[in-house]
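**Q** sequence below, structure please.
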Amino acid sequence: MKALSIERGKKRSKEDVIFGVVNYTLFAVFTLICVYPFYYLIINSLSANDLSGNGSINFLPRQLHLENYKQVLQLKGLATAALVSVARTAIGTVCTVLASAFLGFMFTQEGMWKRKIWYRMLVVTMYFNAGLIPMFLTMQNLHLTNSFWVYIIPVIVQPFNIILVKTYMESIPKSLQEAAEMDGAGFMTVFIKIILPTATPILATIAIFAAVAQWNAFQDTLIYITDQKLYSLQYILYQYINQANSLATMVKNSSGGTNLNMAALATQQTPTSIRMTVSVIVVMPILFVYPMFQRYFVKGIMIGSVKG
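**A** Predicted coordinates:
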């Protein structure tokens, strides 16, 4: 019996080793698939532009240079646009998180007047909208065009975020709120001192959603803004990408169009190098911020989507 037990133990150990090898291999492959696109962007933005333009850069950078980034940093209005993007991301994220938290909490309160009707009306807005022209006319009538607040106000209330928060808060024991109310705590006291700290995971999840959406947005600038002082960073870079072909042609013509030496070819901007550089600039802030919220993200999104 003892010998049989030892043999089974060896067999299980061997199976565990095989499982571990396969498991780690699959995770390594999956990680490589996820990381490689970002690595590809970075090495192509740093390598010789003529090589990246013809697709020669795939695994290792070649003829490193920073000329692409120098050109982007020299764009007119870039500093102001970056400040606008940072401001809209910070303010918009805070407003969206607070609004989602408060409304999500309200929809869990049985004493709210016509709670189910209001909630159904909120859900309906996820499937229908008035369209671009009515939205523009509404913003114009509210005097929000050519205003910084056109970046913030229209996206404060997001039905999907509110539903996630509501579902998460329904998992919080009612006894916490009841105990606080018995001790004399008011509605806002309960919300600020009990609900908000308890709902940190889902609020961190909402913060990620809101921050990424605000940081990447440029369509609202395209539609509502004509004042260059209010241009966002993404809109400036969007214009830069659209001008990529003409910029490359201008650089080539300024070099005489012939007899370009290898050094000039290596740093001469191409549409590919411009796209790669802009992509890196836009993506990097998100990659640095996300790890700080990642530990909350999984818990928040899982619990926030369990119940309907």
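**Q** any idea how far Thr31 lies from Phe38?
**A** As for Thr31, its distance to Phe38 is 12 Å (criterion: CB to CB, to the nearest Å). C-beta coordinates here come from the backbone N, C-alpha and C atoms, glycine included.
**Q** neighbour count: the two, which is higher?
**A** For Thr31 against Phe38, the residue with the higher neighbour count under other CB atoms under 10 Å is Phe38, and the figures read 14 against 10.
**Q** pLDDT score for the residue lying closest to that one once chain neighbours are set aside?
**A** Closest residue to Phe38 in three dimensions, ignoring its sequence neighbours and counting by CB to CB, 6 or more residues apart in numbering: Val283, at 6.7 Å. pLDDT recorded at Val283 is 85.
**Q** same question for Phe136.
**A** Model confidence at Phe136, expressed as pLDDT, equals 90.
**Q** what's the neighbour count on it?
**A** For Phe136, the neighbour count with other CB under 10 Å is 13.
**Q** phi and psi next, for the residue nearest to Phe38.
**A** In terms of degrees, to the nearest 10, the main-chain angles of Val283 are phi -80, psi -30.
**Q** which residues are in contact with Ile241?
**A** Applying CB atoms under 8 Å, 6 or more residues apart in numbering to Ile241 gives the contacts 274-275, 278.
**Q** can you add neighbour count and give those back as TSV?
**A** Shown next, in TSV, are those (neighbours: other CB atoms under 10 Å):
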residue	neighbour count
Ile274	24
Arg275	18
Val278	21
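**Q** and of those, the nearest to Thr138?
**A** Val278 (31.6 Å; CB to CB).
**Q** doesn't Leu73 make contact with that closest one?
**A** No. Using CB atoms under 8 Å, Val278 makes no contact with Leu73, being 11.9 Å away.
**Q** returning to that earlier point: now, among the contacts of Ile241, which is nearest to Leu98?
**A** When the contacts of Ile241 are compared against Leu98 (criterion: CB to CB), the nearest one is Val278, at 32.0 Å.
**Q** report how many residues lie close to the closest residue to Thr145 other than its chain neighbours.
**A** Take Thr145 and drop its neighbours on the chain: the residue closest to it by CB to CB, 6+ apart is Tyr224, 4.9 Å away. Burial of Tyr224 is recorded as 20 neighbouring residues (other CB under 10 Å).
**Q** start the count at 871 instead of 1 going forward.
**A** Sure, I'll start numbering at 871, so the last one becomes Tyr1094.
**Q** let me see the contact set for Tyr1094.
**A** Remark: with contacts taken as CB under 8 Å, 6+ apart, Tyr1094 is in contact with 1006, 1009, 1014-1016, 1020.
**Q** try 6 Å this time
**A** Contacts here follow CB atoms under 6 Å, 6 or more residues apart in numbering; on that basis Tyr1094 touches 1009, 1015, 1020.
**Q** where's the first one, which helix or strand?
**A** To tie it back to what came earlier, the one meant is Met1009. The secondary structure element spanning Met1009 is helix 1002-1011 (assigned by DSSP states H and E).
**Q** run through who's touching that helix.
**A** Here helix 1002-1011 makes contact (CB under 6 Å, 6+ apart) with 1015, 1020, 1094.
**Q** just to revisit the earlier point, please report the distance of the residue nearest to Phe908 from Met1039.
**A** Distance of Val1153 to Met1039, given as CB to CB: 32 Å.
**Q** between those two, who's got more neighbours?
**A** A side-by-side neighbour count of Val1153 and Met1039, using other CB under 10 Å, places Met1039 first with 22 against 16.
**Q** hmm, back to that, between the contacts of Ile1111, which is nearest Val1025?
**A** Distance to Val1025, by CB to CB, is smallest for Val1148 among the contacts of Ile1111, at 23.4 Å.
**Q** check contacts around the closest one.
**A** With contacts taken as CB under 6 Å, 6+ apart, Val1148 has the following neighbours: 1107, 1111.
**Q** redo that, cut-off 7 Å
**A** 942, 1107, 1110-1111 (CB atoms under 7 Å, 6 or more residues apart in numbering).
**Q** most neighbours among those residues, please name it.
**A** The most neighbours, when the contacts of Val1148 are compared by other CB under 10 Å, belong to Leu1107, which has 23 neighbours.
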